[in-house]
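1. What shape does this take:
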Amino acid sequence: MRFFVLNTNDLINPESPERAKQLDWLDRALAASKAKWNIVYGHHNIYSAGVYEVNKMMEKDVTPILKKHKVRLLINGHDHNYQRSKPIDGTTYSLPSVELDIKERNINESNGAAKWQKV
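-> You can find the predicted model right below:
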């Protein structure tokens, strides 16, 4: 098992000089990994049924890298509640914080993304 930590502050900032470097690093590091499980984590979400919903920039830039390297789990925070998706293109998206009022909701229905369920 190998963990890859992202500075998502750079990934959500189109003006960050570190943004492209970090995406390139993630792609190269995942390609070189021999681990059975590669787990990526960082603060900001890609998918969320909470306040922040879908982060289009990270969806466009990060999800293709996760799919390419068959990453099975991405862990993030940002929304303060527990969420977990069914696999989307092979990757499960998990938001492990806890909050009491979680609403059942579908996100990104236009492309068939997972249904988020009340826990």
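2. What is the neighbour count of Asp10?
-> Neighbour count of Asp10, defined by other Cβ atoms under 10 Å: 17. In this view, the C-beta of every residue, glycine as well, is placed from N, C-alpha and C.
3. same question for the longest helix along the chain, mean pLDDT?
-> Assignment by DSSP state H gives helix 19-32 as the longest helix of the chain. Averaged over helix 19-32, pLDDT sits at 97.
4. I'd like the next helix or strand past it.
-> Scanning forward in sequence from helix 19-32 by DSSP states H and E, the next helix or strand is strand 38-42.
5. Which strands or helices does that following strand pack on?
-> strand 2-5, strand 73-76 (3 or more Cβ pairs under 8 Å, 6 or more residues apart in numbering; DSSP states H and E).
6. Parallel or antiparallel, which strands does it pair with?
-> Using DSSP bridges, the strands paired with strand 38-42 are strand 2-5 (parallel), strand 73-76 (parallel).
7. quick one: buried residues of whichever helix or strand comes after that strand?
-> Remark: after strand 38-42, the chain's next helix or strand is helix 56-61, criterion DSSP H and E. By 16 or more other Cβ atoms under 10 Å, the buried positions in helix 56-61 come out as Met58, Glu59, Asp61.
8. Make CSV out of these and add pLDDT and distance to Trp25.
-> Listed next are these as CSV, based on pLDDT from 0 to 100; distance: Cβ to Cβ, whole Å:
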residue, pLDDT, distance to Trp25
Met58, 85, 15
Glu59, 87, 19
Asp61, 94, 13
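9. just curious, which of those residues is nearest to Glu15?
-> Asp61 (14.3 Å; Cβ to Cβ).
10. I'd say the closest one and Asp10 touch.
-> No. Between Asp61 and Asp10 there is no contact under Cβ atoms under 8 Å: 11.1 Å.
11. Could you list the low-confidence segments of the protein?
-> 49-52, 78-85, 92-119 (pLDDT under 70).
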